[in-house]
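Trainee: Provided below are the primary sequence and the corresponding predicted coordinates.
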Amino acid sequence: MPEMTYGAAVRSAMEWEMERDSRVFIMGEDIGVYGGAFGVTMGMVDHFGKERVRDTPIAEEGIVGAGIGAALVGMRPIVEVQFSDFIMNAMDQVVNQAAKIHFMFGGRMSVPLVIRGPAGAGTGAAAQHSQSLESWFHHVPGLKVVMPAFPADARGLLLSAIRDPNPVLFFEHKLLYKIKGEVTESDEGLPLGHGLIRRYGRHATVVAYSLMVHRVLEAALRLEQKGWDVEVIDLRSLVPMDIPLILESVKRTGRLAICHEAVGRGGVGGEIAARVMESEAFDYLISPLLRITGLNTPVPYSPPLEQAFAPSVDRIEQSLEGWLTQEVSLT
Amino acid sequence: MTKLATTAEQKPSPLEEPLRWYRTMCRIRRFDETIDELFAEGKVHGTTHLYIGEEAVATGVMATLLSGDVITSTHRGHGHNIALGGDIKAMMAELLGRTTGYCHGLGGSMHMADQTLGNLGANGIVAGGLPIAVGAGLGFQLRHQPHIVVAFAGDGALNEGAFHEAANLAAIWKLPVVFVVENNQYGMSGSVKDMFAIGHLAERAVGYGIPGVMVDGNDVFSVWEAATKATQNARDGQGPSLIEAVTYRYKGHSKSDANRYRTREEIQQWRQQDPIDHLREYLLEHDVSVEDLDHIRREEMQAVAQALQFAESSPWPTVDILEDAVYAKEETSYA
Ligand SMILES: Cc1ncc(C[n+]2csc(CCOP(=O)(O)OP(=O)(O)O)c2C)c(N)n1
Ligand SMILES: [Mg+2]
């Protein structure tokens, strides 16, 4: 299996689908000769031409809406939003249009559209270029939300997202673009809605997605040295979400922690917690649950502050350890 | 390309003001050159957008503002804040993420702004400041204040919905807003030739029923002349207008730009119409000595070096400042 970066895996999925399906095209700001702000579309215009790798003006509402319209007449558009923060400029088209069209028209239309772009903090890009806003989209019925953590998943899930008959938000954490992993360049997409246990353990279940999967895994390694055996679930997609996998794991471990970079308040973690509380897994819980999240602030610029914003491996390790120890002394 | 000759009919007299402009432009250039060097040395994280090559626009426009007027700035905003008279120490400290920065390190390169001088904010969102400028104009109108607003925008911003909504609002309410479009030929890589179906961006004004003019943005006199008229009209209650200042950015869009979308020759050609050289020639022709001009430039280089020293020796912020940073406890208003 060839090794490729996360960014290359995203590109590989788009190229694969563009070769396979002439209805697929991509549009976005500076995705042509510039290759995209993070180089994801580098070289694609040379191969597919300017029609199918389409540089647009700075007009997010226009291009997301144009993606919807093209989808309605049978195309399979991918819209790259340069920083996912700028999807905010297109919110009407995403939330009031794309998410509603299939339902509102009684199933007579569908919107096979992918909106993809970089999310997350860690590059010093400050408050308006560093957000993780997935919970907003997770909240809106009609949208699917995918946040892969590894190159192979990025490729496989993007293939499925492009083939999906619904609007899919596909968030790529900026700090993941350069990580490498083995990727099979096959036609097989990974189904949306299937999480994965990245590491088995018996003391606690930690649910994470995107960049935080890597940090939680590292923290789990450190905790192993201290005698704690933590199970780590990589959700991969938030809508649909693999609730059965979480419940099954929690029933085995009796403890649930959730880690995401997005601010804690109103975050996806609250939803996961509620789903567990509502289920039969509730009876298996032996401790209060724990959320390890971004701070409830905009993302600050200065390096020491920005580092404090998102959960670091240290913070995750310490939070988990404190939580695990506290409960042991209680029981 | 031919050498620039100023086409402005009026000239400020005596030379005091152009000399001040020369100083301002030298300061902006040196400030952003220093930032360029800091990034090249890997001393700063994040990204930055340099104003090098576009100094005449901010300088000429700000020269027409009066106390109480306000501006909204852009992601490429260092020059705007310096031309307003901003403190380069607080700016450099902000870039370096220190407590002594304008935003105590919370904002960074895209958010340095001195509200006490009327800067309502640089902005990381393209066109994000334009509706805000309209609202400031509305506030002045409602309170019968004589102040005006200058809304800076790049060429690329003119294709955002926010620009269209803002321009129409300003027009129908006859608000004292001057839209200054810094047409530096590109968005990030998107050329105005590809991203507009009109020849001159000033033509956009027609669609909103407001005056639009195009000026040589590398000639500070032309910018100053157009801004004088536009701001005067706004003060006189004649409503908004739009100035397209044609200019060029020498450096990449941001720190991660390989310039694949333009040629070296093109950059070289524009460099021959340098706004600072142009003003310098004018001043030399008007009997200012080379020594005096060099002296000004050296002073500004020193001032920037001192700002850097100040920034580098300033303390880093600590996380406890975040707690009180999100919500205001009381109203703050500068206008
Ligand atoms: C809403 C939004 N879309 C995209 C971007 C990314 N971006 C930042 S600056 C820029 C180009 C802006 O071009 P222009 O308005 O001409 O200003 P210039 O950079 O040339 O001064 C782009 C695409 C952004 N910051 N905000
Ligand atoms: Mg521009």
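Mentor: Good, I have the coordinates. Ligands and ions are numbered 1, 2, ... in the order given.
Trainee: give me the pLDDT value at B:Leu4.
Mentor: Looking at B:Leu4, its pLDDT reads 47.
Trainee: could you do A:Ile115 as well?
Mentor: On pLDDT, A:Ile115 comes in at 99.
Trainee: which parts of the stretch 51-200 of chain B sit against ligand 2?
Mentor: With C-beta under 5 Å from the ion as the criterion, the stretch 51-200 of chain B comes near ligand 2 at residues B:Gly154, B:Asp155, B:Gly156, B:Asn184. Placement of C-beta: from N, CA and C, glycine included.
Trainee: ok, 6 Å please
Mentor: Counting by C-beta under 6 Å from the ion, the positions of the stretch 51-200 of chain B adjacent to ligand 2 are B:Gly154, B:Asp155, B:Gly156, B:Asn184, B:Tyr186, B:Gly187.
Trainee: whichever residue of chain B sits closest to ligand 2: what's its closest spatial neighbour, skipping adjacent residues?
Mentor: The minimum distance from chain B to ligand 2, using C-beta to the ion, falls at B:Gly154 (3.8 Å). Nearest-residue entry for B:Gly154: B:Glu182, 5.5 Å, with adjacent residues in sequence omitted and distances by C-beta to C-beta, 6 or more residues apart in numbering or on different chains.
Trainee: possible to save the residues of the stretch 51-200 of chain B next to ligand 2 as JSON lines with secondary structure?
Mentor: As requested, these are exported to JSON lines (DSSP: H, G, I helix; E, B strand; the rest coil):
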{"residue": "B:Gly154", "secondary structure": "strand"}
{"residue": "B:Asp155", "secondary structure": "coil"}
{"residue": "B:Gly156", "secondary structure": "helix"}
{"residue": "B:Asn184", "secondary structure": "coil"}
{"residue": "B:Tyr186", "secondary structure": "strand"}
{"residue": "B:Gly187", "secondary structure": "coil"}
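Trainee: where does pLDDT dip in the chain?
Mentor: Using chain A. Judged by pLDDT under 70, chain A has its weakly predicted residues at A:327-331.
Trainee: nope, chain B please
Mentor: Applying pLDDT under 70 to chain B flags residues B:1-6, B:10-13, B:334-335.
Trainee: centre-most residue in it?
Mentor: B:His80 (3.2 Å; C-alpha atoms, centre = their mean).
Trainee: quick check: it vs B:Ala303, distance?
Mentor: From B:His80 over to B:Ala303 the distance is 18 Å, taken as C-beta to C-beta, to the nearest Å.
Trainee: next: A:Ala274.
Mentor: Taking C-beta to C-beta, one finds A:Ala274 at 57 Å from B:Ala303.
Trainee: compare the two and say which one has the larger neighbour count.
Mentor: Between A:Ala274 and B:Ala303, counted using other C-beta atoms under 10 Å in any protein chain shown, the more crowded position is B:Ala303 (17 against 10).
Trainee: name the element the more buried one belongs to?
Mentor: Assigned by DSSP states H and E, B:Ala303 belongs to helix B:290-312.
Trainee: so which elements touch that helix?
Mentor: For helix B:290-312, the packing partners by 3 or more C-beta pairs under 8 Å, 6 or more residues apart in numbering or on different chains; DSSP states H and E come out as helix B:16-40, helix B:88-95, helix B:275-285.
Trainee: do any residues in whichever helix or strand comes after that helix lie close to chain A?
Mentor: Using DSSP H and E, the helix or strand that follows helix B:290-312 in sequence is helix B:320-323. Yes - using C-beta under 8 Å from any C-beta of the partner chain, helix B:320-323 reaches chain A at B:Ile321, B:Leu322.
Trainee: again, but for stretch B:68-84
Mentor: No - shown here: stretch B:68-84 not in contact with chain A (C-beta under 8 Å from any C-beta), separated by at least 9.1 Å.
Trainee: buried residues in that stretch?
Mentor: Within stretch B:68-84, the residues scored as buried using 16 or more other C-beta atoms under 10 Å in any protein chain shown are B:69-84.
Trainee: what residues does the residue of the stretch 1-150 of chain A found nearest ligand 2 make contact with?
Mentor: Going by C-beta to the ion, ligand 2 is nearest to A:Ile58 of the stretch 1-150 of chain A, at 9.3 Å. A:Ile58 makes contacts with A:Glu29, B:Val126, B:Ala127, B:Gly156, B:Ala157, B:Asn159, B:Glu160, B:Gly187, B:Gly190, as judged by C-beta atoms under 8 Å, 6 or more residues apart in numbering or on different chains.
Trainee: any idea how many residues pack against the residue in chain B positioned nearest to ligand 1?
Mentor: Proximity of chain B to ligand 1 (C-beta to the nearest ligand atom) peaks at B:Gly154, 2.2 Å away. If you count neighbours by other C-beta under 10 Å, B:Gly154 ends up with 23.
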